[in-house]
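**Q** Turn this into a structure:
(chains A and B)
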Number of protein chains: 2
Amino acid sequence: MNKVILLAKRPVGKPALNDFKLITEQIPVVSEGEILLKSLYISVDPYLRGRMNDIKSYVPPFELNKPIQSAVIAEVVESKNADFKTGTFVSGNLDWKEYQVSKGKGLTKITDQGSGLSVYLGILGMTGLTAYLGLIQAGKPKAGETLVISGAAGAVGSVVGQIGKLLGCRVVGITGSDQKVTLLESKFKFDHAINYKTVTDLNEAVKKYCPQGVDVYFDNVGGEISDAVLANINKYARLPVCGAISLYNNTAAATGPRLQPLLLTKSATMTGFIVSDFTEHFAETQKKMTSWFKEGKLIYSETIIEGFDNIPQAFLDLFEGTNQGKMIVKI
Amino acid sequence: MNKVILLAKRPVGKPALNDFKLITEQIPVVSEGEILLKSLYISVDPYLRGRMNDIKSYVPPFELNKPIQSAVIAEVVESKNADFKTGTFVSGNLDWKEYQVSKGKGLTKITDQGSGLSVYLGILGMTGLTAYLGLIQAGKPKAGETLVISGAAGAVGSVVGQIGKLLGCRVVGITGSDQKVTLLESKFKFDHAINYKTVTDLNEAVKKYCPQGVDVYFDNVGGEISDAVLANINKYARLPVCGAISLYNNTAAATGPRLQPLLLTKSATMTGFIVSDFTEHFAETQKKMTSWFKEGKLIYSETIIEGFDNIPQAFLDLFEGTNQGKMIVKI
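**A** Below is the predicted model of the structure:
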């Protein structure tokens, strides 16, 4: 039998386990031109929360009582498609199923498994592309500038900070535990990290650790953390908005300080993006990230949860910040 | 005797006449290398409100009991400087004085007076540069796109809309009276104009007149008008912030919907600017604007108030929207 996780109902506010439903079905039969995929690693990501709402967007919402989809690493265990031999490893946007058939469309073969497979969900996959392209295209960092990152110990944040250091920036991270502060400063070599939960005045803390002001703010969280950083931006600051995890579970539209006067005074630019905005740069970026990774210039952090049944809980844990780096479920 | 207008106290909220003080002093004596300037036209602009606050900014605040400064057209009435003959007309950032001396630094000679002098405070001066460069550099409009402008009948807005039409955009303006709606649609050839004061639901009105959504929003006002426009933006929208006149007189920081989730969903970019960000493009832009203007492709609107003593009132009137186009005081 084959386990499948469906969206049982649309979460209101913070998602809960009973928004999901685990069912079993027959393992599908492979037709001519198809392959049977066995899921090995499944990525859970904050952005999936948005697709659980029934709102018009450029990425359509998940359908009720249909499987959820995310980035998955899978093995071809049966093939009636000459392009995919049995034993091939692939990544792609796939259903939350133990087994599924595919015609191969949209799948990327993983030919080099020297660094392990899960890395292709993270630093050498969408996470790495998001970090690099968001920082470079929307953040436009220059050597000597100060880069602040919120959600700094998360999958994308910890990579953004390392790229910032490689580019010669002063890098300051904001995160939610002392353990993560230590991790960012010692393992990821951030210049400083700030625990927003224990600091008495985040605005003052940012000011202290960014004595030259903030030139680039890579924002993963939104909300009051961002207010504190924005109070310290320099003229011509660039403000890539990669995520707003602090706001995803709000049931009403969040309010906060109006940004127009600040952007006006500072001639600053705030840019929202998703990684697919930069598809044209994927190939060159993957080459660059792979090269940095193999040279040991980028360190990778992941939190691996074991067991297909635990996918929903792993997703919920993202909103508690229990992960360090990329959150992955190993099947 | 020489009349001078000083900043008597820093306005709290909406400025009032007693924030200004009219004094008289001796007409200054011209030393070697100097010229004596007689003010002819004085520009009053919403951005001056910001300089009346005592806050650190890249443009320093006006000093108490010192003359206010703005763009002025003046005539050289006495010269001990070989570069400026008596009878020359100049524009520059000058004191609110009937007469003042200058060494000539920062002054631009007006050699072609065929279109009148006041035009060099408006469409062929900073107003035109602001409209063109803000729209082109931050708005990046493409033919066929929809451009919405708030403060559309103001000095900058009415020029932005005309440039939008010249570039092949659908142009919709938002303004505050039926008279201005008529002006925008008939004289300035906007596709549509909306009176935000009488419309029952501005969000719905923008939707109605922008059936393809909003690609570029040139924002002069901020606040709730902008909220309604932003609810209608397209993927990859560009949002130049030129002004926030609805917020300038707030005594506390204004709050509103947090923008990060919207910018994220739409991969949109919001850019604050002041015209001096684009200094490198001034020469080519002035050439282009002059050429369009002389070909009759750009129409110019100004509200002229007479009398030096009326400068403060003309400035206050900006916040009531009594002007159509550029507000100028003729001395």
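**Q** can you map out the helices along the stretch 101-250 of chain A?
**A** A:126-133, A:155-166, A:178-182, A:202-209, A:223-230 (DSSP state H, counting those that start in this stretch).
**Q** Please produce TSV containing these, extended by distance to chain B.
**A** No exception for glycine: its C-beta is placed from N, CA and C like everyone else's. Output for those, formatted as TSV (distance: least, Cβ to the nearest Cβ, whole Å):
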stretch	distance to chain B
helix A:126-133	12
helix A:155-166	13
helix A:178-182	22
helix A:202-209	13
helix A:223-230	7
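**Q** possible to save those as TSV with mean neighbour count and mean pLDDT?
**A** Putting the helices of the stretch 101-250 of chain A into TSV (neighbours: other Cβ atoms under 10 Å in any protein chain shown; pLDDT from 0 to 100) gives the following:
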stretch	mean neighbour count	mean pLDDT
helix A:126-133	26	95
helix A:155-166	26	96
helix A:178-182	16	96
helix A:202-209	18	98
helix A:223-230	21	97
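**Q** For the ones you listed, give me CSV that also has distance to A:A82.
**A** Listed next are these as CSV, based on distance: least, Cβ to Cβ, whole Å:
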stretch, distance to A:A82
helix A:126-133, 28
helix A:155-166, 35
helix A:178-182, 47
helix A:202-209, 56
helix A:223-230, 51
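**Q** which stretch among these comes nearest A:I35?
**A** helix A:126-133 (21.9 Å; Cβ to Cβ).
**Q** Please work out which residues outside that closest one touch it.
**A** A:43, A:71, A:121-122, A:155-157, A:159-160, A:163, A:242, A:273-275, A:277-278, A:281-282, A:285-286, A:288-289, A:293, A:326 (Cβ atoms under 8 Å, 6 or more residues apart in numbering or on different chains).
**Q** Make a PyMOL selection of the buried ones in those.
**A** The buried residues among these can be selected in PyMOL (16 or more other Cβ atoms under 10 Å in any protein chain shown) with this line:
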select buried, chain A and resi 43+71+121+122+155+156+157+159+160+163+242+273+274+275+277+278+281+285+286+289+293+326
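**Q** Run through the residues of the stretch 151-300 of chain A sitting next to chain B.
**A** Applying Cβ under 8 Å from any Cβ of the partner chain, we find that the stretch 151-300 of chain A lies next to chain B at A:219, A:222-223, A:226, A:235-236, A:241-244, A:247, A:253-274, A:277.
**Q** Can you say which of those are buried?
**A** A:219, A:222-223, A:226, A:241-244, A:247, A:254, A:256-274, A:277.
**Q** quick one: which of those residues sit in helices?
**A** A:223, A:226, A:260-266 (DSSP state H).
**Q** quick check, nearest of these to B:A193?
**A** Nearest to B:A193 among those, with distances taken as Cβ to Cβ, is A:Q260, at 21.8 Å.
**Q** Give me the nearest residue to the closest one, chain neighbours excluded.
**A** B:G222 (4.2 Å; Cβ to Cβ, 6 or more residues apart in numbering or on different chains).
**Q** Report the closest residue of the stretch 101-250 of chain A relative to chain B.
**A** A:G222 (4.3 Å; Cβ to the nearest Cβ).
**Q** pretty sure that residue is touching B:Q260, no?
**A** Yes. With contacts counted by Cβ atoms under 8 Å, A:G222 reaches B:Q260, the gap being 4.3 Å.
**Q** Quickly list what's touching both of the two.
**A** Common contact partners of A:G222 and B:Q260 (Cβ under 8 Å, 6+ apart): A:241, A:244, A:247.
**Q** And the pLDDT at the last one?
**A** Turning to A:L247, the model gives it a pLDDT of 82.
**Q** show me what contacts it?
**A** Counting by Cβ under 8 Å, 6+ apart, A:L247 has contacts A:222-223, A:254, B:258, B:260-261.
**Q** can you list the weak-confidence ranges in chain A?
**A** When residues are selected by pLDDT under 70, those of chain A lie in A:56-58.
**Q** Now do the SS call for A:N310.
**A** With DSSP: H, G, I helix; E, B strand; the rest coil as the basis, the three-state label of A:N310 is helix.
**Q** Next one: it from B:A74, what distance?
**A** Per Cβ to Cβ, to the nearest Å, A:N310 is found 76 Å from B:A74.
**Q** I'd like to know how far A:I110 sits from A:Y120.
**A** For A:I110 relative to A:Y120 (Cβ to Cβ), the value is 5 Å.
**Q** For these two, work out which one has more neighbours and name it.
**A** A:Y120 (25 against 19; other Cβ atoms under 10 Å in any protein chain shown).
**Q** contacting residues for the more buried one?
**A** A:73, A:91, A:108, A:110.
**Q** Give me the number of neighbouring residues for the second one.
**A** Residues contacting A:S91 under the criterion other Cβ under 10 Å number 23.
**Q** which SS state does it fall under?
**A** strand.
**Q** Report the separation between it and chain B.
**A** Distance of A:S91 to chain B, given as Cβ to the nearest Cβ, to the nearest Å: 23 Å.
**Q** residue boundaries of the strands in the stretch 51-200 of chain A?
**A** Counting by DSSP state E, counting those that start in this stretch, residue ranges of the strands within the stretch 51-200 of chain A are A:69-79, A:89-95, A:99-102, A:108-109, A:146-150, A:170-175, A:192-195.
**Q** What lies in contact with the fourth one?
**A** If I follow you right, that is strand A:108-109. Against strand A:108-109 from outside (Cβ under 8 Å, 6+ apart): A:84, A:88-92, A:120.
**Q** can you do 6 Å?
**A** A:88, A:90-91 (Cβ atoms under 6 Å, 6 or more residues apart in numbering or on different chains).
**Q** Test my guess that A:E32 contacts A:K80.
**A** Yes. If you go by Cβ atoms under 6 Å, A:E32 and A:K80 touch, sitting 5.2 Å apart.
**Q** the more surrounded of those two?
**A** Neighbour count, other Cβ under 10 Å: between A:E32 and A:K80, A:K80 has more, with 13 against 6.
**Q** Touching, the more buried one and A:I35? I think so.
**A** No. When contacts are counted by Cβ under 6 Å, A:K80 is not listed as touching A:I35 (7.1 Å).
**Q** A:E185: what's it in contact with?
**A** A:A193.
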